[in-house]
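# fold the following and give me the result.
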Amino acid sequence: MLITIPSFAGARKGVRHFFGTRQGGSELEPARVVVSVTQAHGTDVLVLDHPVDGGQDFGGEWDALVTNQPGVLLTVRTADCVPVLIHDPVREVVAAVHAGWRGAVAGILPKTLAVMTQRFGSQPASLRVSLGPSVGACCYEVDEPVLSRLRDACADWQSLVQETGSGKAMLNLRGLVRGQARSAGVRDDGIHAVSLCTVCHPTLFYSYRREGEVCGTMVSGIMLALRRRPSRRRRGKRRAD
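Numbers count the residues shown, from 1 in each chain. Presented below is the predicted three-dimensional model:
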């Protein structure tokens, strides 16, 4: 089972995307190359601006992938973190981002948007951003170490939390990521979201917070569709009447 948002991106717009569930979502056909990397809850962005070979090892640890190459499926894996898919229909660039609380607080999304601008000339107002299923504010209680980092990094941090006790609060992680997209210049009507909590839907999603261990991950992905060559009509000889 795959989740898509037609208002975000579709085949008519030259892009394919999906948010996976525990019932499937590891490939998107017809992809020429599927890119999957090691994630580390950091802010390193892998840029693929040249043809990519199948089976290529990219090494390192990356939490965001960006490409302008058609047929290259960028994927991220999550089990409560926010999967973020980005499409620039003007410059024909796509990106996939893995945003857990560490990466989000450290600015993985703003950094990815900045890389798209610097490397490809993307303008934030032209971008379309989609946030996939993740842990909701209903189920994401965090403690003082997380809150301390949030306070240092986010001026409006209080709008993202609801205190539950001394040094504890429920965190709206998806709201944090959405706010960062807005602050970077993405238009409100260019931001889309799947408002499903991974903890609340055990039949649909894996959840590290619910299960207490990594039992599996969901795969989400995006790619520029392969360009089809125009067909040539065969011209036959006219038959005499």
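# burial measure for V115, as a count.
The number of residues packed near V115 is 17, by other CB atoms under 10 Å. For the C-beta atoms, the positions are set from N, CA and C on the backbone; glycine is no exception.
# give me the element V105 is part of.
For V105, the host element (DSSP states H and E) is helix 101-106.
# got the CA coordinates for that helix in PDB?
Taking Å, rounded to 0.1, in the frame of the first residue of the first chain, the C-alpha atoms of helix 101-106 are listed here in PDB:
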ATOM      1  CA  TRP A 101      13.900  15.700  15.800                       C
ATOM      2  CA  ARG A 102      17.700  15.900  15.700                       C
ATOM      3  CA  GLY A 103      17.900  16.600  12.000                       C
ATOM      4  CA  ALA A 104      14.900  19.000  12.100                       C
ATOM      5  CA  VAL A 105      16.300  21.000  15.000                       C
ATOM      6  CA  ALA A 106      19.700  21.100  13.300                       C
END
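# which residues does the following helix or strand past that helix contact?
Per DSSP H and E, the first helix or strand lying C-terminal to helix 101-106 is helix 108-120. With contact meaning CB atoms under 8 Å, 6 or more residues apart in numbering, helix 108-120 is reached by 42-43, 45, 47, 49, 63-64, 66, 68, 84, 86, 88, 91, 93, 95, 97-99, 122-124, 127, 177, 180-181, 183-186.
# can you turn the buried part of those into a ChimeraX selection?
Burial among the contacts of helix 108-120 is assessed by 16 or more other CB atoms under 10 Å; the matching ChimeraX selection reads:
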select :42,43,45,47,63,64,66,68,84,86,88,91,93,95,97,98,99,122,124,127,177,180,181,184,186
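# narrow the contacts of helix 108-120 to those in helices?
V177, Q180, A181, S183 (DSSP state H).
# for the last one, list the residues it contacts.
Each residue near S183 by CB under 8 Å, 6+ apart is listed here: P110.
# sounds good, over and out.
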